[in-house]
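Peer 1: Turn this into a model:
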Amino acid sequence: VHLVESGGGLAQAGDSLRLSCAASGRTFSRYAMGWFRQAEGKEREFVAAINWRGGSTSYADSVKGRFTISRDNAKNTVYLQMNSLKPEDTAVYYCAAVLGYPVVRPAGYDYWGQGTQVTVSS
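Peer 2: Presented below is the predicted three-dimensional model:
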């Protein structure tokens, strides 16, 4: 599975951005998907995950209520809608895929995109 993120950029605090992750391959619908982020000098951290069907989602406490993960299996794409952005959301955002159940550990994912930068100014 080849993953390509898009939609990052510059935003001000309180703004919204929507990230997209396009996947290649005909078996996208079999994969659980996750979004992670890595701020400069910090470890990669879990943001959100969604199961293969899209009926089950999970979020980090830091983004709960502000971010929404969704997927469109017909388009081989997973999204991360980010509302009420904060400066602490600044990071490179990565999508990842795992054949099975979504997990919060980065090591639990098999495929990764190259990342997209999100920068939020105050």
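
Peer 1: OK, contacts around V47?
Peer 2: 34-37, 59-60, 63, 67, 80, 93 (Cβ atoms under 8 Å, 6 or more residues apart in numbering). Placement of C-beta: from N, CA and C, glycine included.

Peer 1: May I ask which helix or strand encompasses it?
Peer 2: strand 45-50 (DSSP states H and E).

Peer 1: Direction included, what does that strand pair up with?
Peer 2: Strand 45-50 has its sheet partners listed here by DSSP bridges as strand 32-38 (antiparallel), strand 57-59 (antiparallel).

Peer 1: any chance of the contacts of V47 in JSON lines, with pLDDT, distance to L10 and neighbour count too?
Peer 2: Shown next, in JSON lines, are those (pLDDT from 0 to 100; distance: Cβ to Cβ, whole Å; neighbours: other Cβ atoms under 10 Å):
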{"residue": "G34", "pLDDT": "97", "distance to L10": "24", "neighbour count": "28"}
{"residue": "W35", "pLDDT": "98", "distance to L10": "19", "neighbour count": "26"}
{"residue": "F36", "pLDDT": "98", "distance to L10": "20", "neighbour count": "25"}
{"residue": "R37", "pLDDT": "98", "distance to L10": "16", "neighbour count": "24"}
{"residue": "Y59", "pLDDT": "97", "distance to L10": "24", "neighbour count": "18"}
{"residue": "A60", "pLDDT": "98", "distance to L10": "22", "neighbour count": "16"}
{"residue": "V63", "pLDDT": "98", "distance to L10": "19", "neighbour count": "22"}
{"residue": "F67", "pLDDT": "98", "distance to L10": "18", "neighbour count": "23"}
{"residue": "L80", "pLDDT": "98", "distance to L10": "17", "neighbour count": "27"}
{"residue": "Y93", "pLDDT": "98", "distance to L10": "14", "neighbour count": "23"}
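
Peer 1: quick one: which of these is nearest to R53?
Peer 2: Proximity of the contacts of V47 to R53 (Cβ to Cβ) peaks at G34, which lies at 15.0 Å.
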